[in-house]
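Peer 1: Return atomic coordinates for the entry below.
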Amino acid sequence: MDRSSSNPFSLEETPTSGSEAPLHFLEKALGGLRCFQAFVTAYEGGILEACREPASLADICGKTGAHVGIAGPLCEGLVRTGFLSRDGSGNYQVTVVTRDFFLTDSRFSQKAAIAQMKEFASLFYCLPDILQKGPVVYPRGEQFRERVIPAMAEQSRCGLVQRVAGIVSSLPEFQSARRLLDLGGGHGLYAIALTRKNPDLSAVVFDLPEVTPATREMIRQYGAQERITTQEGDFFHDSLGTGYDILFSSSNPSGKMPALIPKISDALNPGGLYLNKQVIDSPEEDPFADLEWNLWALEGMKKTEKRFRFEGSVRLEEYNRMLGESGFMVRNIVPVDGRSVMTIAQKTGVRGAGRDAS
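Peer 2: Coordinates of the predicted model:
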């Protein structure tokens with residue numbers, strides 16, 4: 001007999017766990033989903049564009065075709081989250097943050113970054129299928145060219161490139177440097193910013209053949225063709241060249257792979273600097289972020305189960321120790337932002353040079 005219909009639970013009985021809100025976790029997650037989907041809909045559906053100048057709800061619906069009963073709460077949510085403001089007459093207008101990042105002509109547009117976030121979100125909707133069939137596999141060059149690098153370029157222009165260029169240009173060796181290699185440099189913005197800090201510095205951006213056409217276009221847009229060139233290659237398999245005073249690497253797999261240290265050393269002149277910006281290995285790991293990392297894969301590149309780690313990579317602390325055993329002196333580890341640090345290492349040619357205790 002069905003107990004749920006003929007013998008209901010005693011109203012004096014409570015859950016063994018003691019929890020009175022078993023769906024709290026899902027309610028909190030759903031709140032994030034609401035905000036994400038509401039913002040993306042407003043961004044793509046023209047709501048933000050309709051509010052460049054003060055606009056009534058009727059104006060917004062007239063411009064976008066939105067249903068007034070849906071658009072009203074949506075706009076109020078955008079006010080609450082800081083993307084719109086509302087004046088005393090009830091008119092909505094975009095905020096400074098929205099003008100900076102989320103209009104079609106915003107100087108710091110985040111269009112590619114939002115598209116990448118949408119794609120990651122869509123993978124979770126496919127989780128039941130991926131759970132059975134395995135990760136979605138992307139062509140490596142296409143994924144970097146079309147998604148990863150444009151998104152990284154947009155995000156880095158918002159202050160990260162400027163901060164990194166300030167750190168690097170303050171190093172005593174920087175003004176005397178003549179050749180820089182931006183390893184896996186993708187968008188080329190770091191090379192562009194650094195050559196502007198040193199008029200005698202030339203740079204080479206090394207990246208995959210599928211990526212470098214976009215790199216050259218970025219270099220052209222900034223008018224830096226005379227001092228910055230590209231080199232096509234795969235740093236897992238190809239030579240990096242030689243004769244560089246600085247080798248810069250930002251958030252790419254080479255910066256945590258001990259097997260590539262000899263190539264990096266060979267590319268540098270004696271006394272040359274290896275500047276390696278990497279995401280911090282956080283002890284507070286998020287298993288759902290690791291899950292996202294494992295929902296997709298790149299052709300020809302094996303990832304580990306932990307986020308931002310590829311096969312052959314090690315934790316940054318271990319990598320820096322191995323630098324010291326391979327002819328580098330780790331001079332400093334500089335915080336860049338809340339998520340990353342830059343290791344400043346100098347090629348000494350003396351194995352076991354270790355780390356500068358000063």
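
Peer 1: Which parts of the chain are strands?
Peer 2: 84-86, 92-94, 136-138, 179-183, 202-207, 228-232, 244-250, 268-279, 296-298, 328-335, 340-347 (DSSP state E).

Peer 1: of all the ones you listed, which has the lowest average per-residue confidence?
Peer 2: If you rank the strands of the chain by mean pLDDT, strand 296-298 sits at the bottom with a mean of 90.

Peer 1: List the contacts of the residue most central in space within the chain.
Peer 2: Most central in the chain under C-alpha atoms, centre = their mean is residue 152, positioned 5.1 Å from the mean C-alpha point. By C-beta atoms under 8 Å, 6 or more residues apart in numbering, the contact list for residue 152 reads 186, 187, 251. C-beta: built from backbone N, CA, C; applies to glycine.

Peer 1: From residue 199, how far out is residue 216?
Peer 2: Using C-beta to C-beta, to the nearest Å, residue 216 is found at 21 Å from residue 199.

Peer 1: So between these two, which is more surrounded?
Peer 2: Counting neighbours by other C-beta atoms under 10 Å for residue 216 and for residue 199 shows that residue 216 has the greater number, 16 against 8.

Peer 1: Can you tell me, leaving aside adjacent residues, what's nearest to that one?
Peer 2: Nearest residue to residue 216, sequence neighbours excluded (C-beta to C-beta, 6 or more residues apart in numbering): residue 230, at 5.7 Å.

Peer 1: what is the spatially closest residue to residue 231 that is not a sequence neighbour paired to in the beta sheet?
Peer 2: Nearest non-adjacent residue to residue 231, counting by C-beta to C-beta, 6+ apart: residue 206, 4.7 Å away. Here residue 206 sits in beta bridges with residue 183, residue 231, as judged by DSSP bridges.

Peer 1: wait, the residue nearest to residue 216 sits on residue 207?
Peer 2: Yes. Contact criterion C-beta atoms under 8 Å: residue 230 and residue 207 qualify, at 7.1 Å.

Peer 1: Next, show the common contact partners of the two.
Peer 2: Shared contacts of residue 230 and residue 207, counting by C-beta under 8 Å, 6+ apart, come down to residue 215.

Peer 1: More neighbours: which of the two?
Peer 2: Looking at residue 230 and residue 207 with other C-beta under 10 Å, you find the greater number of neighbours at residue 207, namely 27 against 22.

Peer 1: The more buried one and residue 261, how far apart?
Peer 2: Applying C-beta to C-beta to residue 207 and residue 261 gives a distance of 19 Å.

Peer 1: What of residue 68?
Peer 2: For residue 68, the distance to residue 261 - C-beta to C-beta - is 62 Å.
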